[in-house]
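J.: Could you work out the structure for the sequence below:
(chains A and B)
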Amino acid sequence: MYSAPFEYLRAGSWEDAVAQLQRGGEDAHVLAGGQSLVPMMMLGLAAPPVLVDVGAADERTIDVRDGSLVLSALVRHVELEHSELVRRTCPMLAEAAGYIGNVRVRHRGTIGGSLAHGESTAELATVAVAHQATVRVLGPSGRRTVPASELFVTHLTTSLEPDEVITGVEFPLTAGHSGSCFLEMTRRAGDFAMAEAAATVSLDVDGRCTHARLVVGAVADRPTDVSEAARALVGEPPADAAITELARGVAEAVEIGPSVHAGVGYRREMVAVLITRALGTAISRAASGGTATSTNGHRV
Amino acid sequence: MSKHQISLLLNGQPIEAMVEPNMSLLEVLRVEAGAPEVKLGCGEGVCGTCTVLLDGDPVNSCLLFAVQADGREVTTVRGLAGDVELHPLQQSFLEHAGSQCGFCTPGMLLTAKWYLDGHPTAGREELRAALAGNLCRCTGYTKILDAVEAYRDSLAEVSHVD
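T.: Prediction:
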């Protein structure tokens, strides 16, 4: 397994990375954890002439600032999975990180790298859209922020320019009784998901739903935000029948692309199952005070 | 494409090598550094056969360019014990028939050792999840888990004696 030859550059800062990307031309590519890009290079599916290694461009910081969980782009999946701060403030992020690849991939892979890669089955993409995260971007003309919902264009394609880098991600935190749940379905541990569901729910003191968001992942060319449908739950204590009906309606309407693992009809059925379970779990977590987070290795 | 000089601490021994940027750590370990115990399996980061510990953490040596490992500490299965004796986990694999063809064994040993170092009382299900990314086509995993559990239990006995 050999990748095509390339020139290897090491960036000492994000500014440095942008300058090196500019010099390297539009086919130059950022190398972060390399757990998606490098397999593609080894298989001959990608052959960037220049790689800009951003591994030393920044610290791997996790902070809460101004009502948001703020992550450096270099934070690794294993850190999302186990960070007490992440588990307490944004448990669905930790939950989803535990599903990514395998333990070796989670030790190298980064949140910025995963989002910038734009893989349509990426767990963190689905969670970023569900949590209405904001991506911090640096380019030649300076800094800008991109809502996660505007980052993903289609398979392996984002709205980033070739000389832009993701420097961090902000997840706005919800107050009060809220709960969340991320679920995915795979044939085997570590496979690309066949379907994903990410749900967040807030309840008032009387158990009435005040807010619900729902995103379906790994079925189309990017995460599908179906929160409009989830608004059917708002105003009442969520009832099982309403959840089932909502899940069925979303599963029938959502666009589902082809997969080598299973047919469209089967995955449509599984989307309904995942939505039902994710919403049900998010609601019960919200009711019990919003504590959540499963351990690594949970399967549907 | 210019070559890069890298230095590694491989199983405690300093190693220097001149590498092309597109050489994986796996290739440099096997071809340049005399460490053929690191095996190439899938080459895509899925099978776990090429697992090494990088500064103590399990990584895919097939998906790491050697230049990225410059200045780091790399542990292969040979770093677990001395040249003559087996590590107790290796001995446990031997006693419980946790190794058949042996190809996955280095990755299994390193992953299990790393996980138990951090979770010395892990139960079978946790061990199963920790090893989920290491594929074995021979044993059916049962004997591997038996071997890892027996090693875990031996750790507990040692700490009771202390």
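J.: element containing A:V216?
T.: Taking DSSP states H and E as the definition, A:V216 sits inside strand A:209-217.
J.: in its sheet, what does that strand sit against?
T.: Strand A:209-217 has these partner strands in its sheet, going by DSSP bridges: strand A:195-203 (antiparallel), strand A:224-225 (antiparallel).
J.: so how far is the top helix by length along chain B off the chain centroid?
T.: For chain B, the helix with the greatest residue count under DSSP state H is helix B:142-161. Put simply, helix B:142-161 sits 18 Å off its chain's centre (CA atoms, centre = their mean, to the nearest Å).
J.: Residue of chain A nearest chain B, please.
T.: Closest to chain B within chain A is A:N102: 2.4 Å, counting by CB to the nearest CB. In this view, the C-beta of every residue, glycine as well, is placed from N, C-alpha and C.
J.: Pull up the per-residue confidence for the closest residue to that residue other than its chain neighbours.
T.: Nearest residue to A:N102, sequence neighbours excluded (CB to CB, 6 or more residues apart in numbering or on different chains): B:G133, at 2.4 Å. At B:G133, the pLDDT value in this model is 97.
J.: before we move on, what about B:S2?
T.: pLDDT, B:S2: 87.
J.: can you check the one 5 residues further on too?
T.: In the predicted model, B:S7 carries a pLDDT score of 98.
J.: and it, that's in a strand?
T.: Yes - counting by DSSP: H, G, I helix; E, B strand; the rest coil, B:S7 is located in a strand.
J.: which element is the nearest residue to it once chain neighbours are set aside on?
T.: Of all residues not flanking B:S7 in the chain, B:E16 sits nearest, at 5.0 Å (CB to CB, 6+ apart). According to DSSP H and E, B:E16 maps onto strand B:13-19.
J.: Which residues are in contact with the residue nearest to B:S7?
T.: B:Q5, B:I6, B:S7 (CB atoms under 8 Å, 6 or more residues apart in numbering or on different chains).
J.: And for the residue of chain B found nearest chain A, the neighbour number?
T.: Nearest to chain A, among the residues of chain B, is B:G133, at 2.4 Å (CB to the nearest CB). Applying other CB atoms under 10 Å in any protein chain shown, we find 23 residues neighbouring B:G133.
J.: repeat for A:P237
T.: Counted with other CB under 10 Å, A:P237 comes out at 14.
J.: A:T61 now?
T.: Here the number of neighbours of A:T61 (other CB under 10 Å) works out to 12.
J.: Likewise for A:P258?
T.: Around A:P258 there are 9 other residues, counting by other CB under 10 Å.
J.: repeat for A:G44
T.: Neighbours of A:G44 under the rule other CB under 10 Å: 11.
J.: Equivalent analysis for A:D66, please.
T.: Number of residues near A:D66 (other CB under 10 Å) recorded here: 9.
J.: What of the one 5 residues further on?
T.: A:L71 is flanked by 27 other residues according to other CB under 10 Å.
J.: Contacts only, for it.
T.: A:L71 makes contact with A:T61, A:I62, A:L80, A:I111, A:G168, A:V169, A:E170, A:F171, according to CB under 8 Å, 6+ apart.
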